[in-house]
Every structure is written in C-alpha cells, then in structure tokens.
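1. Take this sequence and fold it.
(chains A and B)
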Amino acid sequence: MLNFLSSRESGIDDPNLLRGYESTKRAVSLELSKHRDVERVHYGGVNSLDLDVVESRYLLSGTTDGTVHIHDTVNLTGDVKFTLKALANVSRSNKHKHKHSVETVQWYPLDSGMFLSSGGDKQLKVWDTNSMVPVDEYEFKGIIYSHHMSAIAVKHSLVAAGCHSSSLQLVDLKSGSASHMLKGHQGSIFSVKWSTRDEFLLASGSADNRILLWDIRSSKGPMMHLDQHNGLESDNYFDGCTSHGGYVNGLCFTQNGLHLLSYGTDNRLRLWNTTTGQNTLVNYGRIRNDSKKCVQFSVFNGSRTNFVFVPEASNIKVFDMHNGNRLSILRGHYTQVNCCKLHRDYQELYSGGNDCNILIWTPETDKAYDDHIKAQKREQPASGRSERNSFVRRTGATNDTWSSDEEES
Amino acid sequence: MSANKQEVCLDHQLCQEMEGYVEILTTSGKPVLNADTMKKFKAICKKSDMYVEHAYHLLMTRLDMDHSEIRLSAFQMINELFVRSHIFRELLLQNFQMFIELTVETDYNLPLPLPKAAADTMKQKALRAIQEWNDKYGEDYKKLALGFNFLKNCKKVDFNGIRARCEEEQRREREREEKQRKINEERIGKVQKEMSEMVEDMKSSLMEIKNSFELLLPTLDNFFIGSTDIDASSSAQTENDGYDKDAESINSDTKTTVKSPGILKQDDSSIDDDEEDDDEEEKDFEDVADEMSRQHFMQVHGLGGAHYNISVDLTPGPVELMENEDTSAILTHLKDQYRLLTSKFLPAVQKWLNILSKHGGSQTDVKKAIYLKTELTQAKNKYHDLKVIPEEEKVVGKADSDDEFEDVPEKEGYEATITPQRRKENGSSSSSKSKKSSTVTMATSNSDQSESASSSQGKKHTKPYWSINNELLEHDEADPTSFIANLKKIKAETAHLCSSSTASAPSTSKRSNSTDSVAEPDEKKRKLVENAPVVPYGVDLEHWGNQDKIEAPLVVKYDSLHRFWTPKDVEHCQADKEGIAEMTKRAISFTGKFEPVKWKCRAPLPNGKLCERMDRVKCPFHGKIVPRDKIGNPDDPNQPPQPLTAEQEVKDLIPAWQDPELQADIEAATGLDLGSGRSKGKGKGKGKGKGKGKGKQPKYPNLTNIKASTNTARSRLENKVFNRATMKRVNSAMDKVSYKHVRDRFGNQFNYSMNP
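-> All right, here's what the predicted structure looks like:
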C-alpha cells in the first residue's frame, strides 16, 4: 500500500489504481461487524434496502409488515462502537403505511428528500422524507413486486413498476399518471431495472422465465429478449427463448451498464452482455434460490474485478463476476436473506433478512478494532474500573477456559 | 502454516479414541453424561485446537441423527466444549443456524425426532444454554447475540421466562442447601454434645482397662519391683552384653539388628549409644593398619568373616493367663469394661465418625473421634490377645479335695494299658510333670514377658519347698481320695480284667473269639442288618407278617353338621381300603445315583436335522430311542415304523378351528400375540429356538427404540379401517346400494336408464 501511495504521490500510477486496489482488498474481506449495529426497529423481515445516491448516508429499509425505516449510517459520536440510529420511521401505527408488505423501497436518485415505496397492497407511494407523509400514491391492479427509477435519467422521470399478472407499467412522476404499459411478458414481473448506461433502456425479469430489454421510446414491444442458449437449439421445447430455467427474480446492471446480472429460481446466476444480449456463460455454480419475490443483490465495481454479493438462503455468497469463482460466504442471518446493498465508498455491505435483522458487514483487513481496544486499554489503564472490567471480560471470553480437571489422570 | 503442521500431528489413534467416546456418550440413552468418559474426551480436546475441530465435526454429525436421545447427549457435549474452547465457539457459531434448527426446532418442517421426552428436555436445555451463552459471550460473538435475538424476536422464545424459571430453581436449590446445612449443623452439634458427655466415661474406662492390664501383666518397666524371678531380664541382659561385646570387638562393620518392641525400651538407649559410637569409630577405621588388626582378630577368634547379622527376636507371643482368686476380680472387671467398650463405646464412636465425615464436621472433632477409636480398638485387641483360662477345672478339682494337685491324676486314670511296673516310675514322673503343667500352663511363648508373667502367676500355686515324696507321705491308702488309694484301685481292676480273659486283649476281640462257631449265619445277618434301611416304627411294622389283620381306622361320622348339637349315639364307620393303603404304604426317598442321559433321540426331522431331545427311554415325538446311523435311520431295519413325526404331531395338537394363517392375520390386525408363531415354531429344536426367537439384538440397546411399532388403539383401528381390501369392499358395497337406489327410483326413466 505504501508503494501505491508513493507512486500515486509522484504521479506514476493512474489515480484510480490505488483506489481500486484498496477498495477491492476491502470488499473481499467483509466480515460481520463487531462494532456497528443497526438499531432494532423492525418487526418484520426486511425486504428491501437502499442507500441514498447523493451522500450514501441514509439507509432506507422496507419490511414485510408494511413499515419503512430510515437509518443514519454515519457515526458522529466519536465512539468506535456504534449503533445506527433510526432517524425516521413509518411505523406500524402510521395511517399512511402500506397495508401489506413493502416489497421495494428506493430513494429518489437526485435528492434524499423523497423516496418511493411499493408493496403487496398494490400501491406505489411517493414519500416526503422530511414530513414522512406520502405526497403521491398510485394504485395498480396487482401486487407490485418491484419498481425502479432510473438513476441517470435526465429526460424523463419515469418509474417502472413490475406487477403481478404480467403488467409492466411506467409511471410519470411529472404528470402523476401511468404513461406506458409495456406488454410482452406472460407472467408476473418480479424484477425491473433501468440501465445504468442508457436512460431509456429497461430490463424486466418475469415468472415466464424470460428477461426482456425494453427501449421505452418504442411502444411496439421489447427491444430484445435474452436467450440463455444464445440462439442455439435447446433440447427442451419449453426451454426455447428463455433466460432461466425458473422465475427470474433478481436483476442488476453493472455500474458501467455493459453487463446485466440475473438471478433465477433455477438456482443460477447469469451474466448477460447488454449490447448484444448474449449470455456470457459464466458459471457461478448452483446458488440456492427459492424466493418467490424480488431478491436484491449488489455488484461491487473494482478497477479490474467486479464482485457480486448474492443472497443464498440465510447466507450471502461473494463471487468474482467475470470468472464465477466463489470468494467467500457471509454467514450471519438465521433465515432467508432478501436483500443486500453495498456502500459505494466504504465497501460496507448492508443486508436484510426475514429474521428482522439488518446486518452490517465491514471490511476486516486488519485487526483495527482489536487494536483500538488494546490502545484504549493502554491509554486508560486505571480510569474506569467498569470499562477495564468489561475489557477483561471481553478478552477473557474469547480465550479458552479449559479447567484443570481435564488434565489427563 | 501452523495449522497445517498441527494437522500433520493429529493422532489417528486419539481421533479414534474420541470417536469411541462420542459413540459411547451419545448412545448411552441417559439424560446426563457419564462424567468420567466426558473428562477423558475433554482431556483429548484440550490437547490442541485440531482435536476440538475434529470433535466439532463428530458432534455435529451426531446432532444430525434422527434420535432425540443421541441429539440430547451430543448437545450436552457441545455445551461442555462451548464453554471451554474459543475455537469450538467459532465453529459452532458459524453453523449456529443449523444447530438451532436441530436442537430448538426453529424450522417447523424439520421437527425434532422421536422420543418425545428427550426432545423436550433437549429443547429446554438448549434454550437455557443459549441464553447462558449469550449472557456470557454475547458481546464478543456477534452471531451468538444475533441468534439469541432471532430466537427471542422472531421465534418468540420467552427467554425471560426461562431466566426466571432458572433463577427460581437456583433459589430453591439454595434454600434446600441451606436447610441441609442446618440439619447437618444440628447433627454435628448433637454429636459434639454426646462426645463431650461420653468422652470422660470412655477415658476412665480406658484407664481402668489399662490399669487392670498393668495389674495382670506387669510391663518390664515395673516388672522388677519386688520380683524374685529375673530370668527374663537376665536373658535380655545377656543378649545385650553379648551385643555390646560384639560391638566393641568386631567394631563398626558388624551390623546388628535387634527387633525390640516395647519391652526392651530401656535397652534402646544403650543400643543407640553403641551405634553412635560405631559411627564415630567408623571414621577412624579407614586406614589399612586397622584392617590388618581386624583380620588378625578374626583369625584369633576363628571367625569366618567380619560381617555378621545377629537378629534377636523378642516379639511377645499370645499371652495366656490363668484365672484365680487374685485375678478373678480384675478379670471380671476387665470383662465388664470390655463389654461396655464393645457394646457401647465403639459403636458410638463409629457413629460419630460417620456423622462427622458425612456432614463435614470440624477437623478437631474428627481427629478426636479417630483418636478415641484407635484407643478403644487397641484396648479391645489387647483384651483379645489375652487368653484367659477359666477356673472351672480347678473348681471341680477342689470339690474332691483341697489339694490342687488332685485334678491331674484323673487324666492318668484313663491310661488303662499302663503296666504296673512302669506305673511306679510313671507315677513320680507324671506327678512332677503334672505339677509343672498345673503351675506353668504355657510353654509356647518364647518371650521373656510371657514367661515371667506365667511364672509370676504360677508362683502363687506353687509351694516353695514342695516335693512329691512329701506329698505321698502325707496320705495313706486308707484315704480313698488319695493318689495311692486310686492307684491301688486301678491296679486291682486291671488284675481282674487280666484274669477273666485269656489274653490281655480288648473286649471286642474277645467276643469274636467266643462266638466263632456260630460265625457264618451271624455274619450274614450282620451284613443284612448293615444294609437294611432304618424306618420309623409304624402300623405296617406292628402287623409285620399278618398284613390282612390291619384294621382301618374308625371314622366318626356326624349326620348333623351343627357345631354344638351332636346326636347322642355316634356312628363309627370303617374307612374303606384306601385308609388301609395309606397306613401300610410308606414314601421312601430314592437314594440312588442320578445318571445323566448321554444319548439323543436322533430321529430325522423334516428340516434335515436330527432330533436333539435327550430322553432316557422314549422320545415323546419319535417313540422309543433306538441306535441310529449318521443320517438318523435306525440300525435295526426291523424296527417298527415311527409313530408320528414331530410336525404331524404339532399339526394334530393345533385344534381345527385354529387356522395358523388366520391367526397370523388376526395378530397382525390386533397386535396381540395369540400364539400362532409359537405353534408353528414348536417343531424346531427348543434349545435353538429360544435364542433366535428374540430376534437380533438392537445395535444400541441403551437407546429407546423409536421404530418399535406403537400398539395403540388408534393404530389398530387405523390398520383395520384403512386396510386396502376393507376400503375396496366397503366402497363396492356402498356403490351397490346407491346404484340399487338409483335404479329403483329412476330405472324406468329413459334418460337415466341410458347411462346408469
């Protein structure tokens, strides 16, 4: 690292090199954080997580019992041990809350003063963050499994909402009405995502096993559909022209928008080239997925390598995106993990699961926390008796405590 | 790197041992672990983290088994290791979700396996353990805290309730302990009180015993006081002198061992002195010149070498004591004390000791009790060692005469064959002997003390200037009680015997001689008599020879069955012949020898084997036992055909209504044993059938068999109701009924009749 720093100083290397190197290093070494906690405000499983785009500071979460919470991730207390406080809640007693579970939450991409939520009560709500009341509501005909707003759009402010019974609708926030209806799917649409490269490009994954790419400027039909066999003859008639062998319930563009990752209930993760619509045929192995709703997963963009964080049952698996190698398994949840969101700058991962937990995974590249604790001990050897006691207990607890009676007789 | 190194070091044998322990512990089927085995297991785990890891894998596989008892034991082992090893905690927490599923039943699709009691216990214990772990390690193991919260919030486990229950139990436990402590204290206090009361008595009793012993058997310390007999001491003295001389002359190299118990205490000091001298001198005798002089000394005295071991054994043997006037009082007192000691003090002390050791009495009390016990047992043993010869014999002798010497000749009187000429010498010698035996009874002891003791006792009986001649002169023949008179009498008797018989032979031989002529019949009779059984006298013996004259006993017959009112004239009826038979027959137990049957029936059986029955004469299945060849055919071809084969017989035995198949069906349906299997299997050898019939021993006999079919009313009913055939039958019957119904109603209508 010092090498990188010195070469960065003297301008030998590309400025991105050091950043890429360090961030990659951090992203691979994620572990369950020992010193960061999320205040427990959830009474249902966490279905969706989002970090605001502007500051990457506020963590938005939607739960299965219809509540929405906002946590502040920044630690301003000065203490290392830190619990993320909930800043604002749409609690269970709130009259504006979703009647059924909240399936998706998303910050308005340009401002943290507004966010959107949609869920099982067929409502898409637009919230004012400061007053925590919905400023607009849209009623749909079916359960909204997923909605998405383009982060790069400047020419439109459309919200794509994938609903039950194959209707994919676009809601224009400017006019406050549903502007488009995109027809093409034959099953419930579990996941919709706007491209991160082209503001008019939309991807949708559905229960009919297909992923369709739409250009919303043409109303005729989908621009292309992604074929898992790349046009080759399939051995199975039903398998033809499908993207997965099961429902497609997770979609994610890479940051540069060149690739699309899809996750299906056929226990597969697939990587697609968005320009050609080709399956890149990267084998990630079998990833158990029996969720019948949208699963959020994240991609880390390093300078050379990209990592994918995919929830698999109660664990989160980390893969190298391009060669499909599994790098690690993050174990911490006790039930199904529904979503995970990577912090862009700190390489922290937030994950929410059905066990009502939001877990924070922080990079453990060095034993910084332990060092900190030791330093603390050195600094105040005789300050607080209670503190010292707690430290003694801490270090004592991680030690072995074989009693002497286990001596061999 | 280091981990790899350790992996190389993982001992295969130890691993196997661990597996063995896991197997034993988990298949014990008991709700608690065997502490010893667990200790051994932990000792192995303690060696290195690799073993802990191995243990983890072993235990997780065990925890995954479909038997709650195995799981319970495995869980308990996990608990033991969890609170000890950091590595184990990390490993378990990595897979904590599965652990929770397997122990606490978080996933309702995966219920806990069968023995329900064990499953419930495990669930409770696991929840409690998780709670305890969380209290202890929750801060440091994030995942543990998460799991705890998961159980608490999502699975709604009432940890507060568990904690409260736990506390309640602890409180109850504490209370019980407190109560127990109070009881203990009470008991100890009681013992202390008793002790303080009785110790004085005991001490005084012990003192009395000690004093009486001192009176009876003076020790060497106070032995010389007023005693004329110095044999013992002088002998000891001479030994000592010799020793001293040796020590001086042979100098240091001679090692002399003297086993000197208590009696020779006064000599110990002198020996010690000598030895000290030896030590001092040792240094001086290292030069050669001295060596020379020593050799010279040895030559002069004709000694083989300078190294001698002289051991003098001075252990006291058993002490015998004659009871007499002087000692009897002491002895009775001693006896009383002894009785008191054995019946009261010793049991009491034993009881105290028990109570004190059981309830944790204070050290001083225990010591005191132990000291008392040793004292008492010593006294007791001392009394046991003392052989008291009772006075009775002498008392008898005194009745005859005042002379104590008189009790001896009685013994002499038995010697009938003594010749008159020898009798004279014998008389004098025996009298001297008798005197000795009467005065000094013990001769076995080689100890100074016992000898001196006995002689000191004997002194009292012995008149100092006594001689047999004096004694003889004192009495004349006229006195019938005197020795001389007795001798005369015996002499006369023997003379008479000699004259009556031809030879001086015993009386039996004389008789045989005289009856020589009638020897043979007598001999025969005698032999018969010898062989004849001895039976008690009875009616049959009374009428021996005229059996027909035996009369049956009269029986009083009452017509009225009333208890008080009886008719005036009572009819006496003769009992019939049975009564006579009863009286004339005797039951005589068979005194012959049992001869085990060494042959088998060996008739061929349908299964190809030979009949294994061992009957003496006749096999109940195959008739008379005859010699047979290897395949079971009788050697004698003229043998009549076998009456029945076993199988046929069995078939005949089963009644016609008992169809075995039907019976088996009924059994299967009802689950009751009606004996169809038994009747079928009867033909096979009984010896073999027994072991086989029980079926294979289960692999883990300690575990509850969860596969055993539950013979409940419900299952029996299920078997009946949901039987495929039954369902078919019932359905077809019902179909028929409904079809009939439809036909009856609508049979004449066109549209119904077209498609029935």
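
2. How many neighbouring residues does the residue in the stretch 451-600 of chain B that chain A sits nearest to have?
-> Residue nearest to chain A within the stretch 451-600 of chain B (CB to the nearest CB): B:P596, separated by 52.1 Å. Backbone N, C-alpha and C define where each C-beta goes, glycine included. B:P596 has 6 neighbours, counted by other CB atoms under 10 Å in any protein chain shown.

3. Run a quick neighbour tally on B:S85.
-> B:S85, neighbours per other CB under 10 Å, totals 25.

4. Excluding chain neighbours, what is closest to it?
-> Leaving aside its chain neighbours, B:S85 sits nearest to B:V52 (4.9 Å; criterion: CB to CB, 6 or more residues apart in numbering or on different chains).

5. ok, now A:S328?
-> In space, A:S328 is closest to A:V318, 4.8 Å off (CB to CB, 6+ apart).

6. who does whatever helix or strand that neighbour lives in touch, helix- and strand-wise?
-> According to DSSP states H and E, A:V318 maps onto strand A:315-320. The helices and strands touching strand A:315-320, judged by 3 or more CB pairs under 8 Å, 6 or more residues apart in numbering or on different chains; DSSP states H and E, are strand A:306-312, strand A:326-331, strand A:337-342.

7. can you give me the strands in chain B?
-> Secondary structure of chain B (DSSP state E): strands at B:255-259, B:309-313, B:319-322, B:386-389, B:554-557, B:571-574, B:618-619, B:623-624.

8. Taking their axis directions, the strand holding A:V318 and strand A:326-331 sit at what angle?
-> Interaxial angle, strand A:315-320 versus strand A:326-331 (axes from the mean of the first three to the mean of the last three CA atoms, to 10 degrees): 160 degrees.

9. what are the pairing partners of strand A:315-320, and which direction each?
-> Here strand A:315-320 has these sheet partners by DSSP bridges: strand A:306-312 (antiparallel), strand A:326-331 (antiparallel).

10. ok, residues contacting the shortest one?
-> Spelled out, that is strand A:326-331. A:28, A:30-32, A:284-285, A:307, A:309, A:314-320, A:349, A:351, A:361, B:94-95, B:97, B:143 (CB atoms under 8 Å, 6 or more residues apart in numbering or on different chains).

11. Over to stretch B:194-207?
-> Contacts of stretch B:194-207 (CB under 8 Å, 6+ apart): B:337, B:340-341, B:345, B:348-349, B:352, B:365, B:368-369, B:372, B:375-376, B:379.

12. pLDDT score for B:T502?
-> Looking at B:T502, its pLDDT reads 45.

13. Please read the previous query as pertaining to B:G161.
-> 81.

14. Just give me the neighbour total for the residue of the stretch 201-350 of chain B found nearest chain A.
-> Relative to chain A, the nearest point of the stretch 201-350 of chain B is B:Q350 (32.3 Å; CB to the nearest CB). Using other CB under 10 Å, B:Q350 has 13 neighbouring residues.

15. Identify the residue nearest it in space, chain neighbours excluded?
-> B:K373 (7.1 Å).

16. Distance-wise, check the one you found relative to chain A.
-> For B:K373, the distance to chain A (CB to the nearest CB, to the nearest Å) stands at 32 Å.

17. looking at this, A:W127 is in a helix?
-> No: counting by DSSP: H, G, I helix; E, B strand; the rest coil, A:W127 is not part of a helix but strand.

18. how about it, what does it touch?
-> Taking CB under 8 Å, 6+ apart as the test, what A:W127 contacts is A:68, A:90, A:114-117, A:133-135.

19. hey, what's it bridged with?
-> Bridge pairing for A:W127 - DSSP bridges - gives A:F115, A:P134.

20. related to what we said a few turns ago, need the contact list for the residue nearest to B:S85.
-> Applying CB under 8 Å, 6+ apart, we find B:V52 in contact with B:45, B:81, B:85, B:87-88, B:91.

21. Tabulate the residues you listed (JSON lines), appending distance to A:H372.
-> Below are the contacts of B:V52 laid out as JSON lines (distance: CB to CB, whole Å):
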{"residue": "B:C45", "distance to A:H372": "33"}
{"residue": "B:L81", "distance to A:H372": "30"}
{"residue": "B:S85", "distance to A:H372": "26"}
{"residue": "B:I87", "distance to A:H372": "24"}
{"residue": "B:F88", "distance to A:H372": "27"}
{"residue": "B:L91", "distance to A:H372": "26"}
